[in-house]
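With the sequence up front, the predicted model follows.
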Amino acid sequence: MSTLYIRDVSDQVAETLKARAAAEGKSLSAYVGAELTRFAARPTNAQVAARLRERDRSIGPTSQEILQELQAGRR
């Protein structure tokens with residue numbers, strides 16, 4: 001397991017993280033570690049965009065149908 005050191009964290013951010021950790025009954029280290037794990041598990045914007053480009057778009061509404069529905073909803 002790696003150790004990370006984070007410098008120049010504002011006092012406000014540090015206090016917010018400490019309060020959130022305490023509210024969950026965790027140490028600051030455990031809380032931040034869990035949050036980093038959640039963050040690292042999320043796909044990047046580039047990964048999301050790549051997956052969207054790979055999707056089959058041959059089914060579903062056309063651009064014109066979408067625009068018509070939007071306009072109808074505004075009436």
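Cool, the structure landed.

got a pLDDT number for R74?
R74 carries a pLDDT value of 81.

what's in contact with stretch 7-19?
With C-beta atoms under 8 Å, 6 or more residues apart in numbering as the test, stretch 7-19 has contacts from L28, Y31, V32. Placement of C-beta: from N, CA and C, glycine included.

Would you map the helices across the chain?
For the chain, the helices defined by DSSP state H cover 11-23, 28-41, 45-54, 63-73.

Just put those helices in a markdown table and tack on mean neighbour count and distance to T3.
Formatted as a markdown table, the helices of the chain follow (neighbours: other C-beta atoms under 10 Å; distance: least, C-beta to C-beta, whole Å):
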| stretch | mean neighbour count | distance to T3 |
| --- | --- | --- |
| helix 11-23 | 12 | 17 |
| helix 28-41 | 12 | 10 |
| helix 45-54 | 9 | 27 |
| helix 63-73 | 9 | 50 |
